[in-house]
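A.B. asks: Let's see this in three dimensions:
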Amino acid sequence: MKNTTKLLASALFAVAILFGTNVKAQIITPNKLRFGVGVEGGIPTGNASSFSNFELGGTARLQYGLSNHLALTLTSGYYNFFGKDEPGTTVKYQSLGMVPIKAGIKAFFTPNFYFGAEVGAGIETKTFQPQGVNEDFVTKDTKLILSPALGYATKHWDVGVRYENYSGQSNNYGLVALRVAYGFGI
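C.D. replies: I've put the predicted structure just below:
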């Protein structure tokens, strides 16, 4: 519940920033690049929810306009799934680290609202380690990432909600996340 409150507070903060600034329509300029840097928080799903309650990360996104309503994206960064307390103990699970490398599209269906879809690889930098298991026997895997998103963008601000699924090596998990980003043309 505490993490849900944090995520809700972050969402309200993002909305306040958007409406407290001079909002202008997102215009994708064909053959032009945009660069954005974002902060995100999320709630793990699937197998990850057994050892983590919260994800926090940062991402950078490069966007190339194909038309006034469609762009290609390339996103990377770092996510940390914070370990939660093991049930019945005072010991915390080890956190899970992930470096996503994703390519995708961003399609605007109104001047500010968009649908996004990304696919890529997630490289685990540290992985869940059950208590009593030697670190030498724990592998760091690469996962397939599939991620649909909905968002709202202005000339500089981008707020998006997405589901991200990580699959591979018989261990599937996911993430529901909110990303708040600042972007500019380059």
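A.B. asks: any idea which helix or strand comes after the least confident helix or strand in the chain by mean pLDDT?
C.D. replies: Lowest by mean pLDDT, DSSP states H and E among the helices and strands of the chain is helix 2-20, with a mean of 50. As assigned by DSSP states H and E, the chain's next helix or strand after helix 2-20 is strand 33-46.
A.B. asks: Please spell out which residues along that next one are buried.
C.D. replies: 34, 36, 38, 39, 40, 41, 42, 43, 44, 45 (16 or more other Cβ atoms under 10 Å). Yep, even glycine has a C-beta here, placed from its N, CA and C like the rest.
A.B. asks: what's the answer for stretch 154-171, then?
C.D. replies: 154, 156, 157, 158, 159, 160, 161, 162, 164, 165, 166.
A.B. asks: mind putting the residues you listed in CSV, pLDDT included?
C.D. replies: Below are the buried residues of stretch 154-171 laid out as CSV (pLDDT from 0 to 100):
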residue, pLDDT
154, 93
156, 94
157, 95
158, 96
159, 97
160, 97
161, 98
162, 97
164, 97
165, 96
166, 94
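A.B. asks: hang on, the earlier thing: looking at the buried residues of strand 33-46, which is nearest residue 83?
C.D. replies: residue 44 (10.7 Å; Cβ to Cβ).
A.B. asks: Kindly provide the distance from that closest one to residue 176.
C.D. replies: Applying Cβ to Cβ, to the nearest Å, the value for residue 44 to residue 176 is 8 Å.
A.B. asks: give the contact list for the spatially closest residue to residue 95 that is not a sequence neighbour.
C.D. replies: Leaving aside its sequence neighbours, residue 95 sits nearest to residue 83 (Cβ to Cβ, 6 or more residues apart in numbering; 4.6 Å). By Cβ atoms under 8 Å, 6 or more residues apart in numbering, the residues touching residue 83 are 51, 52, 92, 93, 94, 95, 96, 128.
A.B. asks: what about burial for those, which qualify?
C.D. replies: Buried among the contacts of residue 83 (16+ other Cβ under 10 Å): 51, 52, 93, 94, 95, 96, 128.
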